[in-house]
Every structure is written in C-alpha cells, then in structure tokens.
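S.K.: sequence first, predicted model second:
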Amino acid sequence: MSLSLSVQHRFADFELDVDVQAPAGLTVLFGPSGSGKTTLINAVAGLLRPHRARIAADDWILVDTERGRVLPPHRRRLGYIFQEGRLFPHLTVRQNLLYGRWFAPRESRGESLEHVVDLLGISHLLTRRPGALSGGEKQRVAIGRALLAGPRMLLADEPLAALDEARKAEILPYFERLRDEVSVPILYVSHSSQEVARLATTVIALRQGRVAAVGSSAQVLGDATAMGARGIASVLTARVIAHHADGLSELATRAGALWLPRVAAAPGSTLRVRIAAKEVILSRTRPEGLSALNLLQGTLTEIRTGRGPGALVTLSLGEEQLVARITRRSVEALHLAPGQHCFAIVKSVAVDPADVGSSRVWHGSDR
C-alpha cells in the first residue's frame, strides 16, 4: 500500500509544507526535533486538521481538503503506538490486547491473538498487569494491542525514545519482524539514524518543515544535505557466514569479508550494517600489518568538499556505496580521484551492535 502525503499547515512560528510519496513497507519520518515529524504524523492520525492536505494510502483517502473529505480519527482505522505504552493498569496483558481487538471491525480481524502473541514474544506475560512489566515489555504489549485493533496502518511516534539502550535493543527486532511479517503499512517517527538504518523501507527526511530527502536508508543516511557531514553513514547488506570461538562473527559483503563482534543472527541470515563515515579509513594500496580486520575494496566515484577541512569520499561497492569522512589534506596526500580503486578499512569494534539489524534483501554473491 503506497502512501501519499501532501500537507500544508502553518503555526505562529512554524510552517509544514510537504508533498511526498512512499511505497509499501515501513516509512520513517526522520529529522531533528522541531522538523515537523510529529505534526505530520498527527495530521495522518486526525489529531491535527491541516489547512490544506491530501493524505491517502492507495485509493483509501483519509484527507482531501479540496473535496471537503476529512475522516474523523475514529473512522481512520489506525493503530497508534506512543512513546509510553499507555496500557490500562487494572487489566492484565491479555485483557489489554483484547481491548484492541474489541475495536476491530469483524470483517477486518486479520491478525489472530495467537499470532500477535507469538510475533511479539509475550506469551509468558499474558496474566501479568502493566505494573509488573519492564518498559520494553510494555511497548511490546502496546504494539500488540495496536495490531489487534485491525488497523489499515500503524503509526509509531518515536516509540523507543523513552527507553534506555538495553530496552531499545530488545524492541528493535520486533519492529523488524513487523516490517517483514505484517502486511499493514507502518509510518514511524524517529530522530535516530540507527533506527533508520535498521528499520526503514523508505525514509522521508524533514528539515524545518520541508522534505530534505526521500529514499532508502542507504540513500538518505549517505546524503549530506539530509544528514550533515558529521552524521553521514553507509548501510551495507551482509550475509552471516559463521560465528567463531573468539567472539567474532564473519559476514560476507559485496566488497569482502566483514568481521564484527558476535551478532544475534544465525548463519545464512541477511543483515543491514550501518557504518559511520567517520569510522572509515582509506588506502590506495592494500594495507598490511594492521590490527583492523575489515578491508573492503571499491571504486572511488565522488569526492565532496565544503568550506571546512573535511571531505566526503564515496566508494562504489557494486550495487552499494560506502562513504568515508576524511580530511582534504588526506585527499591531496593520496592524490585521490574518481575512477581509482581504493581499500576501505573499518575496525570491528567501530560497529555498534545497535547498528546491525535484519534484512530480507541480499546484494552480495552466493557464498
């Protein structure tokens, strides 16, 4: 189900003006605080009535102000996941889940209670009340309640923002499963590039109420306009080859082997790996005698410089790209130019476990 968002709305000191399309899947509204993410998702939810808008998913029209069509919130069939679980404290987990089912039209009860419980790994929580749950468990129950309401779309407004790093790591795999196993489209608000890299089918990057970039996570996270030079990163797909006794996992990429601290995925699994541009070192020749284990070979396609001392160098790794943030002095010292073959060096410990997530797409060889 493709998503069409055309919204114009003015506050006293802020104006939102977007016109963008996104294909089916998990679409992330990405940007810093104050960029318009929550305003836009609230317009979709019906919590804000924009001055001018057309919001639709395929032929399902939620808002078309030119034609005077504005569905009230209760008729939009949306599941909304907030930063806090907002569970009913006097009800058990099972009762909270079934409360969502009570709102689902009989003809649209697609997800069974059993499937949702299995999907979210909450079977052992069914008899508990919210006061006995961790923050991550509450969010999983909130996701389940939203799914069981029979929504035509799920909305998630920074659902991990109130959680610590351990709880975020607990919840992210469940959103990956939602993306891959549930047919309902998801509109997800975040300011975290790690969440974007792991979850997004499509990213809509917002800046000051305008669309700065639209594309895949790899395209947007590698876009200097959307990210700023300091925030640029690459997203590579990799296949898990083996887990070794020294605690490292061996992954295969289009450009060579990638060794990372043990990843929580079985051999044969396909992963997305986010690599920050500032963590990449370049060499014109194959280096030797280094402690860094990861050596990826590619072709230099672009060098971007600004007013400061830095430069962004892009390497083509077949169907994917890797961006390195180095100094202009290094560019000149290495005599870098498009068309050259280069080696990218990445320390294994430079890739945080939170930068590694699941993917259904593999761009590498059959190894």
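M.R.: Received the coordinates, thanks.
S.K.: going forward, measure contacts between C-alpha atoms and count neighbours the same way
M.R.: Noted.
S.K.: please enumerate the strands of the stretch 1-150 of the chain.
M.R.: Remark: strands assigned in the stretch 1-150 of the chain by DSSP state E, counting those that start in this stretch are 3-10, 15-22, 26-30, 52-57, 60-64, 69-70, 78-81.
S.K.: buried stuff in the longest helix anywhere in the chain?
M.R.: For the chain, the longest helix by residue count, based on DSSP state H, is helix 165-181. Buried positions in helix 165-181, judged by neighbour count with 16 or more other CA atoms under 10 Å: 167, 168, 171, 172, 173, 174, 175, 176, 178, 179.
S.K.: what of stretch 329-346?
M.R.: Those buried within stretch 329-346 under the rule 16+ other CA under 10 Å are 331, 336, 341, 342, 343, 344, 345, 346.
S.K.: what's the answer for stretch 44-64, then?
M.R.: 44-46, 49-50, 53-57, 62-64.
S.K.: ok, how many other residues are close to residue 124?
M.R.: For residue 124, the neighbour count with other CA atoms under 10 Å is 9.
S.K.: show me what contacts it?
M.R.: Residues near residue 124 by CA atoms under 8 Å, 6 or more residues apart in numbering: none.
S.K.: and residue 226, how many neighbours?
M.R.: Counted with other CA under 10 Å, residue 226 comes out at 22.
S.K.: could you pull up phi and psi at residue 35?
M.R.: For residue 35, the backbone dihedrals (degrees, to the nearest 10) come out as phi -90, psi -10.
S.K.: which residues does it contact?
M.R.: Applying CA under 8 Å, 6+ apart, the residues contacting residue 35 are 206, 207, 208, 209, 210.
S.K.: do residue 51 as well
M.R.: Per CA under 8 Å, 6+ apart, neighbours of residue 51: 7, 8, 9, 10, 65.
S.K.: any idea how far residue 8 is from the last one?
M.R.: In other words, residue 65. Using CA to CA, to the nearest Å, we find residue 65 at a distance of 11 Å from residue 8.
S.K.: these two: who's more crowded?
M.R.: Shown here are residue 65 and residue 8; by other CA under 10 Å, residue 8 has more neighbours (19 against 16).
S.K.: that one pairs with what?
M.R.: Beta-bridge pairing of residue 8 under DSSP bridges involves residue 17, residue 52.
S.K.: that one is in contact with residue 15, isn't it?
M.R.: Yes - with contact defined as CA atoms under 8 Å, residue 8 counts as touching residue 15 (7.4 Å).
S.K.: mind listing what's buried in stretch 23-35?
M.R.: 23, 24, 25, 26, 27, 28, 29, 30, 31, 35.
S.K.: circling back to that earlier point, wait, which of the contacts of residue 35 is closest to residue 157?
M.R.: The shortest gap between residue 157 and any of these belongs to residue 206, at 14.6 Å (CA to CA).
S.K.: that's a helix at that closest one, yeah?
M.R.: No - applying DSSP: H, G, I helix; E, B strand; the rest coil, one finds residue 206 to be strand, outside a helix.
S.K.: can you list residues touching both of residue 65 and residue 8?
M.R.: Common neighbours of residue 65 and residue 8, using CA under 8 Å, 6+ apart, are 51, 52, 53.
S.K.: just the strands in the stretch 251-367 of the chain please.
M.R.: Using DSSP E, counting those that start in this stretch, strands in the stretch 251-367 of the chain cover 256-261, 270-276, 280-283, 294-305, 310-317, 320-327, 341-346, 356-358.
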